[in-house]
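**Q** Here is a sequence with its predicted model. Questions after.
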Amino acid sequence: MRARDNTTAPVEDVRVTDYLNHLRAERGLSGNTISAYRSDLQKLAAWARSREQALEDIKARDVAAFLAHLRALGLSARSAGRAVHAIRGFFRFLVREEKLTDDPMENVRSPRPFKPLPRFLNRAQVEALLQAPDSGTALGLRDKAILETMYASGLRASEVTHLKTENIDADIGLLRIFGKGRKERLVPIGSSALGAILRYEREGRAKLLKKKKTRELFLNHSGEALSRMGLWLVVRRHALTVGVAHILTPHVLRHSFATHLLENGADLRALQAMLGHADISTTEIYTHVTRERLRQVFDKFHPRA
């Protein structure tokens, strides 16, 4: 007979639970973000228990020791930065709720991870991709509308799959988008993408919908809302057709949108608003891309490069 396993998962600290509930209810953070923060805070709590230390007794030097512990475990700078962000928010919450008098994170800085330049398609590759779907079928019309929309608006994959029919203002060419944290923004959409959407709605969506009812714009073959995996497969299928599968993901289309706008003289603040970035430093990565492109053009064409 096998021995009974009496081990149980550690009980989550009630203050951690309160903080995560606050993030969910008042900040509107996504389930994935909540899950990541829970993991980070549980690691901190387990580390503190191993030292027989309560969370409220943690000082700045303890945070530094914990971060060193994470690095010793092989955690990347990006993941360590996320952990710092989660812990910073947690202790600020405790201070605000008067569960703590001093914030141990006040002078702790996040590690700065190296940011690789985002990958993107050139304009010829984009044109080939947009021509790949078969517009003679309902699914082809849908795929055409999806690819045109993603390149024309720079939407995140989740924003594409949650796009609803009432979010499209065809008269002035705007999309009403609810991004991270349910923050609303208005994104312009060009005539080509808008035309592809309207044709899909007129000739393709009803065939996919059949007798079902849903507000989501993009549907799968069963007439239900297209999932993120379904969207990834759409992009992947046409990427294979035009030979860019080695580089193309839904997010690469977002990078292509941003890069091509900046190359044509778009204002960085306007691009920030369209992408839905909370911090312009996130948007500034595309200035590095355009500078790198300028360098490549110079090296290739200048006689004395």
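**A** Cool, the structure landed.

**Q** Run a quick neighbour tally on residue 66.
**A** Counted with other Cβ atoms under 10 Å, residues neighbouring residue 66 total 20. C-betas here are computed from N, CA, C, even on glycine.

**Q** which residues does residue 22 contact?
**A** residue 93 (Cβ atoms under 8 Å, 6 or more residues apart in numbering).

**Q** hmm, 10 Å instead?
**A** Applying Cβ atoms under 10 Å, 6 or more residues apart in numbering, we find residue 22 in contact with 29, 89-90, 93, 96-97.

**Q** Sticking with it, tell me its helix or strand.
**A** helix 14-22 (DSSP states H and E).

**Q** Likewise for residue 185?
**A** Going by DSSP H and E, residue 185 is in strand 184-188.

**Q** any chance you could map the helices in this protein?
**A** Counting by DSSP state H, the chain has helices at residues 14-22, 31-50, 60-72, 77-96, 123-131, 138-153, 157-161, 191-199, 206-209, 228-242, 250-263, 268-275, 280-283, 285-301.

**Q** Now do the third one, average pLDDT.
**A** Translated: helix 60-72. What helix 60-72 shows for mean pLDDT is 85.

**Q** which residues touch it?
**A** 40, 43-44, 47-48, 50-51, 53, 55, 58-59, 75-77, 79-81, 83-84, 87-88, 91, 102-108, 110-111.

**Q** which of those are buried?
**A** With neighbours counted using 16 or more other Cβ atoms under 10 Å, these contain these buried positions: 40, 43-44, 47-48, 55, 58, 75, 79-81, 83-84, 87-88, 91, 104-105, 111.

**Q** how close does residue 223 sit to residue 251?
**A** 27 Å (Cβ to Cβ, to the nearest Å).

**Q** How is the protein divided into domains?
**A** 14-96, 123-301 (automatic domain parsing).

**Q** For these, give me JSON lines that also has distance to residue 117.
**A** Output for the domains of the chain, formatted as JSON lines (distance: least, Cβ to Cβ, whole Å):
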{"stretch": "domain 14-96", "distance to residue 117": "15"}
{"stretch": "domain 123-301", "distance to residue 117": "5"}
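
**Q** least reliable of the ones you listed going by mean pLDDT?
**A** domain 14-96 (a mean of 87).

**Q** thinking again about what came up before, and the helices of the chain, which is most packed in?
**A** Neighbour counts (mean count of other Cβ atoms under 10 Å) averaged over each of these peak at helix 138-153, with a mean of 23.

**Q** That one to helix 123-131, inter-axis angle?
**A** For helix 138-153 against helix 123-131, the angle by axes from the mean of the first three to the mean of the last three Cα atoms, to 10 degrees is 150 degrees.

**Q** now the angle from helix 138-153 to helix 250-263?
**A** Using the same axes, to 10 degrees: helix 138-153 against helix 250-263 is 40 degrees.

**Q** chain center to helix 138-153, what's the gap?
**A** Taking the mean of its C-alpha atoms, helix 138-153 sits 19 Å from the chain's own mean (Cα atoms, centre = their mean, to the nearest Å).
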